[in-house]
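Colleague: can't give you the sequence, but here's the structure:
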């Protein structure tokens with residue numbers, strides 16, 4: 001049976017530049033490592049070039065091993081530039097305020113990064129706003145640097161608009177306090193809390209209102225129009241089935257979503273969604289099961305996650321229930337499947 005090539009997510013090769021710069025600053029030549037992963041000059045210069053999130057995690061893990069720097073992600077963020085976020089970053093660079101730049105980076109995130117698990121967001125209240133990075137838990141040595149680099153890069157990118165260090169009120173991080181925790185205070189200059197419900201930065205209203213002296217109203221408007229067209233094109237090319245599959249990723253954590261919840265996310269009555277799926281020759285339960293199956297294969301094949309963690313990510317009540325379902329789908333246990341994939345890789 002041919003293994004489905006479901007992608008857990010991907011991102012622009014622009015993210016590799018800050019990793020290479022961090023390695024160079026630490027006295028290591030990044031080129032041998034990048035070329036081992038297939039990222040030579042020609043590949044890095046391709047328009048719209050992307051790499052999978054699992055591949056990025058393995059690349060970052062190897063960079064940390066080579067440099068001996070567990071806080072590599074924090075340094076990567078400090079060295080990042082808005083241009084590395086593609087059209088979204090170029091748009092943010094023309095934003096009138098920090099608030100508008102943060103909005104552009106989250107609104108147009110799918111243009112430079114996508115993840116089955118969700119999308120970043122900006123949530124404003126009367127006192128300020130939280131800039132939140134979507135969950136990629138459970139955490140291990142392969143993915144903590146991703147959270148570090150994203151939160152640190154937001155601080156660097158938004159600060160670059162104003163020509164000063166961005167004032168951050170608080171940082172909250174999902175994973176437990178790591179061995180290099182003292183580096184966070186230095187990087188963010190504020191209180192940092194670990195073991196939280198989200199990965200996010202707190203910005204005050206004053207910070208959100210900081211002006212960008214490089215703002216050009218006509219260029220800003222033009223860039224937003226271009227990004228909106230690109231975003232619309234991404235959505236338009238997806239079938240209803242693909243849109244449902246995309247929605248299921250963030251909803252599966254520790255539970256099984258139902259049709260009514262997905263219909264609400266699509267802004268459709270449940271009966272309309274059921275009818276439209278019937279017209280496409282399928283039904284919600286079929287899509288749910290196939291999404292779980294394909295994601296299970298991708299997690300086992302492309303990550304180092306334990307099977308109990310994968311069971312949770314796919315909404316199974318127990319690891320045993322996941323093991324039974326996987327064997328029913330593939331006539332192999334998860335362990336047999338992972339060994340076969342690693343052997344054939």
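Modeller: Looks like it came in fine. Worth saying up front: this structure is predicted, and the values here are computed from it rather than measured.
Colleague: residues contacting the residue nearest in space to the middle of the chain?
Modeller: By CA atoms, centre = their mean, the chain has its centre lying nearest to residue 115, at 4.8 Å. By CB atoms under 8 Å, 6 or more residues apart in numbering, the contact set of residue 115 is 8-9, 53, 134, 136, 249. Placement of C-beta: from N, CA and C, glycine included.
Colleague: Columns distance to residue 281 and neighbour count on top of those, output as CSV?
Modeller: Converted to CSV, the contacts of residue 115 look like this (distance: CB to CB, whole Å; neighbours: other CB atoms under 10 Å):
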residue, distance to residue 281, neighbour count
8, 27, 21
9, 28, 19
53, 31, 23
134, 32, 20
136, 34, 23
249, 23, 20
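Colleague: Average pLDDT for stretch 95-103, rounded please.
Modeller: What stretch 95-103 shows for mean pLDDT is 98.
Colleague: Apologies, that question was intended for stretch 108-127.
Modeller: 91.
Colleague: What is the end-to-end distance of it?
Modeller: Stretch 108-127 has an end-to-end distance of 25 Å (criterion: CA to CA, to the nearest Å).
Colleague: check contacts around residue 80.
Modeller: 17-18, 149, 152-153, 156-157.
Colleague: Tell me the confidence at it?
Modeller: 96.
Colleague: tell me the SS of it?
Modeller: Counting by DSSP: H, G, I helix; E, B strand; the rest coil, the backbone at residue 80 sits in coil.
Colleague: Can you pull the phi and psi angles for it?
Modeller: The phi/psi pair for residue 80 (degrees, to the nearest 10) reads phi -80, psi 160.
Colleague: Residue 131 now?
Modeller: According to degrees, to the nearest 10, residue 131 has phi -100, psi 110.
Colleague: hang on, it packs against residue 104?
Modeller: No. In this structure, residue 131 is not within contact of residue 104 by CB atoms under 8 Å, at 12.0 Å.
Colleague: didn't residue 141 look like it was pressed against residue 61?
Modeller: Yes. Using CB under 8 Å, residue 141 makes contact with residue 61 at a distance of 6.0 Å.
Colleague: For the contacts of residue 115, please prepare TSV with the additional fields pLDDT and secondary structure.
Modeller: Formatted as TSV, those follow (pLDDT from 0 to 100; DSSP: H, G, I helix; E, B strand; the rest coil):
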residue	pLDDT	secondary structure
8	77	coil
9	84	strand
53	88	helix
134	85	coil
136	71	coil
249	80	helix
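Colleague: I'd like those residues as CSV, with distance to residue 342 appended.
Modeller: Formatted as CSV, the contacts of residue 115 follow (distance: CB to CB, whole Å):
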residue, distance to residue 342
8, 17
9, 21
53, 19
134, 28
136, 22
249, 24
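Colleague: Out of those, flag the one nearest to residue 184.
Modeller: Proximity of these to residue 184 (CB to CB) peaks at residue 136, which lies at 17.9 Å.
Colleague: Give the buried residues for stretch 202-219.
Modeller: For stretch 202-219, burial by neighbour count (16 or more other CB atoms under 10 Å) applies to 202-203, 207-208, 210, 212, 215.
Colleague: Just the ones in helices from those, please.
Modeller: Members of these lying in helices (criterion: DSSP state H): 207-208.
Colleague: Show me what the helix or strand encompassing residue 278 is in contact with.
Modeller: Per DSSP states H and E: residue 278 is located in helix 270-279. For helix 270-279, the external contacting residues (CB under 8 Å, 6+ apart) are 240-241, 259-260, 262-263, 266, 268, 283-284, 287.
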